[in-house]
Each structure stands twice: as C-alpha cells, then as structure tokens.
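S.K.: Provide a 3D model corresponding to the input given below.
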Amino acid sequence: MTEQHQTSSLREVARRLDGAGIPWAVFAGAAAHVYGATRPITDVDVLVPATRGEQVAALFPEADVQVLEESSLEILLPNLDILAGLGWMDLDAEMTARLTHHQVAGIRVPVIPPEDNILLKARMGRGPEVGKHDWQDVKAMMAPNAELDWDYLRWRAQDVLPRQRRRQILRRLDQMWDRLSAARDAQSGQWRAERG
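M.R.: Below you'll find the model as predicted:
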C-alpha cells in the first residue's frame, strides 16, 4: 500500500468516524511504528468500541463486514481495517483516557496507549514465519518509552492476556524491560562520563 493510499483512506475514515462522534484509535502495526518500531507501515488498523460496531459498519457501506469471535466486527476497506472490539480488547473508557496523538501516514490521529499495544503484540506473539514481528515490535516500543505505566499494563493484562499464558508473557515483558533499562542506564553513564 502506498503512503498516498494510506493517507487518503485514513483521512476518509477519520472524517466519517469523527463526524459521527465515534471514538477511535490506530493500533497494532501502525501504533508500534509510532512508538518506536522501524519497519515500514504496511497497513493501518483502527479500533472502535465494540458497542459501536453496527453504527460504524453503516458508515462504510462499501466495506466488507465480517463477524469475528465474541461478536466483534471487522470492517474491511481496501487499504484499512476497522475492528469493533477484539473480543479480548476493546476501546473502553480507560484506554480512551490514555490515547496519544501522532502522525500516521501524514495525518494526526489518536493512537492507543503504548502499554495496550505492547500487550496486544505480546498476546499475538506472531513471528517471521507468518510475516509478523510481534515480539520485535514489543521490544522496539519498550526501548524508547522509559516511562511506561507498569501498574496500568499489569491491570490491563488481567483482561487482555489469557489466564494460562499471563504469567509467562508478563515475565518475558519484565525481563525485556530489565535488559532495556540496564542498557539505557549504561548508555546514560557513558554519556555522563564523556561529558564530564
């Protein structure tokens, strides 16, 4: 998908959703890019509240609409997908209160918080064998974000992560964070020594 197509599609989605007063945010790969991943954006995914799915589908009569598990809707457009909830993750009040705003495909848009996107990518955990880089994205999002809200992340993990994998995923996130923090501290110490 070219950046021009991303821009025009995202601009039209923003126009329709904002015009209808529907909360929305970019998430998944494009959000990972905003928060530090360096791979090019190949598509844009938008999250809307699950309760607004039918309303959003009506705003896009040209879209192919599919019902996903747990009554979530996927609204497929040529260059962009809109998901009305994910069954296990929704654009709820807590997430909406933490949205950030960034440039994606040349447009300033709301983006889900880094903590939520980290949990999303960690839960999915897909690798290069399926053309994805979820754990690589997690590391890339954690590296520049020294101020992640771990209380919020752990609270959200109770809903987002499957019970049988929650401890393992949180342990892996903690270990990754510890390594990144140590590297940041070492780099900061080296910078101070060079400036000193």
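S.K.: separation between Asp81 and Leu59?
M.R.: From Asp81 across to Leu59, the span is 14 Å (Cβ to Cβ, to the nearest Å). C-beta coordinates here come from the backbone N, C-alpha and C atoms, glycine included.
S.K.: how about the helix ranked longest in the chain: buried residues?
M.R.: Longest helix in the chain, counting residues (DSSP state H): helix 163-195. Within helix 163-195, the residues that qualify as buried are 169-170, 173, 176-177, 180, counting by 16 or more other Cβ atoms under 10 Å.
S.K.: could you say which helix or strand contains His101?
M.R.: According to DSSP states H and E, His101 maps onto strand 100-104.
S.K.: direction included, what does that strand pair up with?
M.R.: Under the criterion DSSP bridges, strand 100-104 sits next to strand 107-111 (antiparallel) in its sheet.
S.K.: hang on, the earlier thing: adding distance to Ala122, write the buried residues of helix 163-195 out as CSV.
M.R.: Output for the buried residues of helix 163-195, formatted as CSV (distance: Cβ to Cβ, whole Å):
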residue, distance to Ala122
Ile169, 5
Leu170, 9
Leu173, 6
Met176, 9
Trp177, 12
Leu180, 14
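S.K.: can you put these in TSV and add distance to Gly125 and pLDDT?
M.R.: Converted to TSV, these look like this (distance: Cβ to Cβ, whole Å; pLDDT from 0 to 100):
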residue	distance to Gly125	pLDDT
Ile169	8	97
Leu170	13	97
Leu173	12	96
Met176	13	94
Trp177	17	93
Leu180	18	89
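S.K.: closest one of those to Thr38?
M.R.: Relative to Thr38, the closest of the buried residues of helix 163-195 is Leu180; by Cβ to Cβ it sits at 15.5 Å.
S.K.: I figured the closest one hits Met141, correct?
M.R.: No: if you go by Cβ atoms under 8 Å, Leu180 and Met141 don't touch, sitting 10.4 Å apart.
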